[in-house]
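Participant: Provide a 3D model corresponding to the input given below.
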Amino acid sequence: MTDAYHAGSALEAEAALLALAKELDRTHPGAAVSLREGLDETLTVLRLNVPPTLARTEDQDCPCHCRPCR
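Facilitator: A predicted model of the protein is given here:
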């Protein structure tokens, strides 16, 4: 997962996440399904070429995210 978030491009990140989902299919199928369902949203920041500083700010401050803000 960390490799995907530090990938140089959305294509590299997608490949890493799909490989992870394939591994999870055997041991944690529900997690694999969830990962695939959120793939597009996860890669949006990379696909939009958002600068890293802004991406971190959005990730930490956005009240719309499903996970609790840090």
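Participant: For the protein, give me the ranges with low pLDDT.
Facilitator: By pLDDT under 70, the low-scoring segments of the chain are 52, 54-70.
Participant: can you pull the contacts of the residue most central in space within it?
Facilitator: The centroid of the chain falls nearest to Thr42 when counting by CA atoms, centre = their mean (3.5 Å). Taking CB atoms under 8 Å, 6 or more residues apart in numbering, we find Thr42 in contact with Ala4, Ala13, Leu17. Where C-beta positions appear, they are placed from N, C-alpha and C, glycine not excepted.
Participant: hmm, try it at 7 Å
Facilitator: Going by CB atoms under 7 Å, 6 or more residues apart in numbering, Thr42 touches Leu17.
Participant: What of Asp25?
Facilitator: Contact analysis of Asp25 by CB under 7 Å, 6+ apart lists Ala32.
Participant: quick one: which helix or strand includes it?
Facilitator: Using DSSP states H and E, the element containing Asp25 is helix 10-27.
Participant: can you map out the helices along this protein?
Facilitator: 2-5, 10-27, 29-37, 39-47, 52-61 (DSSP state H).
Participant: how close does Thr2 get to Val45?
Facilitator: 15 Å (CB to CB, to the nearest Å).
Participant: So these two - more neighbours on which side?
Facilitator: Val45 (19 against 7; other CB atoms under 10 Å).
Participant: Run a quick neighbour tally on the residue nearest to Ala16 when sequence neighbours are not counted.
Facilitator: In space, and not counting its chain neighbours, Ala16 is closest to Ala4: 4.0 Å by CB to CB, 6 or more residues apart in numbering. Using other CB under 10 Å, the number of residues around Ala4 comes to 21.
Participant: same check, this time on the one 5 residues further on
Facilitator: Other residues near Ser9 come to 12 when the count uses other CB under 10 Å.
Participant: cool, the one 4 residues further on as well?
Facilitator: As a burial measure, the neighbour count of Ala13 was computed by other CB under 10 Å and equals 21.
Participant: again with Leu20
Facilitator: 16.
Participant: My read is that it contacts Met1, right?
Facilitator: Yes: applying CB atoms under 7 Å as the test, Leu20 and Met1 come out as touching, 6.2 Å apart.
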